[in-house]
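# build me a model:
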Amino acid sequence: MKVTAIKTEKILPDSISLFDLLDKYVVELREKSVVALASKVVGICEGRVVKKTSEEQKEELAKQEADYYLPREYNQYGFMLTINRNMMVASGGVDESNGSGYYVLWPKDPQKSANEIREHLVKKFNLSEIGVIITDSKLTPLRRGVTGYAVAHSGFNALKNYIGTPDIFGRLLQAEQTNVADSLTTAAVFEMGEGNEQQPLVIAEDLISVEFQKRNPTEEEIENLKIALGDDVFSSLLTTVKWKKGKK
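A predicted model of the protein is given here:
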């Protein structure tokens, strides 16, 4: 796998449209490549920003964006833990780093954005098998540092299912599945960086294990990525706290 980050100008509100950004910086693309974009840049380009006035404002925005949340006082560091689009995320995805005085929200409809980006790139480069990921970074319980996960994807099968197939000794696998979208996103987020690298675009190539699709994902495929709170292997932890309903 070859992963290449693209340095861009500083992306500010109303400075450039999403598709102008793609046209300016993605100048070459090969078949069976995946283009990853930071959710923050997609949000800025789509006008999903709010001028920062107070820390309390961020809390209200997080409640607005979240499906469920835990109040900040539940956390010893004052972080608001939330569930947004069936993903565990801090502050409902609302972030202020590299925001130039703005709170930046996730795209309003990340899946629609990913689909439209893929369709734009397919048409521009006259290709058929192109993947797109909208990325964000996440913490992992009991581990320091962030990795990545896919807020939305398009153009490839996001799950590789090993259930019912034999291991190297012939034992049939019972539960093994690889989240292809999140795995690719982790590599992309690593190359993007978390500081002042200014590299919100990544192109991943030579992806021999990725099953590309000449279409957007179906609703069934998107839903298949999700696990209900009570069905999750960590449900005994996740359901012992009293989640509050967000305003989303």
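
# what segments of the protein are strands?
2-6, 33-38, 49-51, 68-70, 81-84, 87-90, 102-104, 130-140, 143-154, 159-161, 177-179, 201-205, 244-245 (DSSP state E).

# quick check: longest helix of this structure.
Using DSSP state H, we find that the single longest helix of the chain is helix 110-125.

# what comes up buried for that helix?
110-111, 113-122, 125 (16 or more other Cβ atoms under 10 Å). Where you see a C-beta, it was placed from the backbone N, CA and C, and this is true even at glycine.

# any idea which of the strands of the chain is most buried?
Highest mean neighbour count of the strands of the chain: strand 33-38, a mean of 26 (counted as mean count of other Cβ atoms under 10 Å).

# relative to strand 201-205, how tilted is it?
Angle, strand 33-38 to strand 201-205, by axes from the mean of the first three to the mean of the last three Cα atoms, to 10 degrees: 160 degrees.

# any chance of the strands of the chain in TSV, with mean pLDDT and distance to L22 too?
Putting those into TSV (pLDDT from 0 to 100; distance: least, Cβ to Cβ, whole Å) gives the following:
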stretch	mean pLDDT	distance to L22
strand 2-6	98	10
strand 33-38	98	8
strand 49-51	97	19
strand 68-70	96	33
strand 81-84	96	25
strand 87-90	94	24
strand 102-104	97	18
strand 130-140	96	10
strand 143-154	96	14
strand 159-161	96	26
strand 177-179	96	25
strand 201-205	98	8
strand 244-245	96	36
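
# can I get those in a markdown table with distance to L12?
Conversion of these to a markdown table gives the following (distance: least, Cβ to Cβ, whole Å):
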| stretch | distance to L12 |
| --- | --- |
| strand 2-6 | 18 |
| strand 33-38 | 14 |
| strand 49-51 | 9 |
| strand 68-70 | 29 |
| strand 81-84 | 24 |
| strand 87-90 | 23 |
| strand 102-104 | 9 |
| strand 130-140 | 19 |
| strand 143-154 | 21 |
| strand 159-161 | 36 |
| strand 177-179 | 33 |
| strand 201-205 | 16 |
| strand 244-245 | 34 |
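
# returning to what we had before: could I get the average pLDDT for the longest helix of the chain?
Average pLDDT, helix 110-125: 98.

# which other helices and strands contact that helix?
Helix 110-125 is packed against helix 18-25, strand 33-38, helix 39-45, strand 130-140, strand 143-154, with contacts defined by 3 or more Cβ pairs under 8 Å, 6 or more residues apart in numbering; DSSP states H and E.

# one more time with 6 Å, if that's ok
Counting contacts by 3 or more Cβ pairs under 6 Å, 6 or more residues apart in numbering; DSSP states H and E, helix 110-125 packs against strand 130-140, strand 143-154.

# of the strands of the chain, which is nearest G170?
Closest of the strands of the chain to G170 is strand 159-161, at 18.3 Å (criterion: Cβ to Cβ).
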